[in-house]
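**Q** Provide a 3D model corresponding to the input given below.
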Amino acid sequence: MSISTFHFFDGAPAPVAPFSHAVENDGWVFVTGQLPIHPGRESDPLPEGIEAQTELTFANLGAVLRGLGLGLADVVSARAFLTRFHEDYATFNTVYARHFPEGRRPARTCVGVTGLARHAVVEIDFIARRPAPSLPSGMEQPGAVR
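**A** Below you'll find the predicted structure:
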């Protein structure tokens, strides 16, 4: 049985509620939803508009991933929450797509919600997977496709 590790990182915004920045178990990493909050300046106003808020949210997610020794290439699933879904969906998708190369985008859910903490218009969370350790030459990963 695996034991969960609960992570907090300098450089990521202080949590706005009682939660960890990420929880890891058996190579799976669950990154808490991040908001467009400036790390170290959590009381500053949020940036205006979906584009600026999405960029800052990605920066905060990146800070958590870097603290874990991971990057966007390790993300396998994303969930996005938008408070102005119909108004912001197209612009959100444009910004989101800049962060993942075509053909390597994680599975994703994007939903409209009635409200988010700090009156943000976007929140995004991730599920990431640590890369499997390298095997000695001549060995294959179980289930590997040739």
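
**Q** this protein: helices as residue ranges?
**A** Using DSSP state H, the helices found in the chain span residues 50-67, 85-98.

**Q** buried ones in the longest one?
**A** The reference is to helix 50-67. Residues of helix 50-67 classed as buried: 50, 53-65, 67 (neighbour count, 16 or more other CB atoms under 10 Å). Placement of C-beta: from N, CA and C, glycine included.

**Q** just stretch 107-122 next, same as before
**A** Buried, per 16+ other CB under 10 Å, within stretch 107-122: 110, 116, 120-122.

**Q** who touches it?
**A** 16-17, 35-37, 46, 49-50, 53-54, 57, 76-86, 88-89, 92, 123 (CB atoms under 8 Å, 6 or more residues apart in numbering).

**Q** buried only: go through those residues for me.
**A** Buried members of the contacts of stretch 107-122, counted by 16+ other CB under 10 Å: 35-37, 46, 50, 53-54, 57, 78-83, 88, 92, 123.

**Q** got the confidence number for Pro133?
**A** Listed pLDDT for Pro133 reads 80.

**Q** I'd like the buried residues of stretch 107-122 laid out as a markdown table, including distance to Gly71 and pLDDT.
**A** Shown next, in a markdown table, are the buried residues of stretch 107-122 (distance: CB to CB, whole Å; pLDDT from 0 to 100):
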| residue | distance to Gly71 | pLDDT |
| --- | --- | --- |
| Cys110 | 21 | 98 |
| Leu116 | 25 | 98 |
| Ala120 | 24 | 98 |
| Val121 | 25 | 98 |
| Val122 | 21 | 98 |
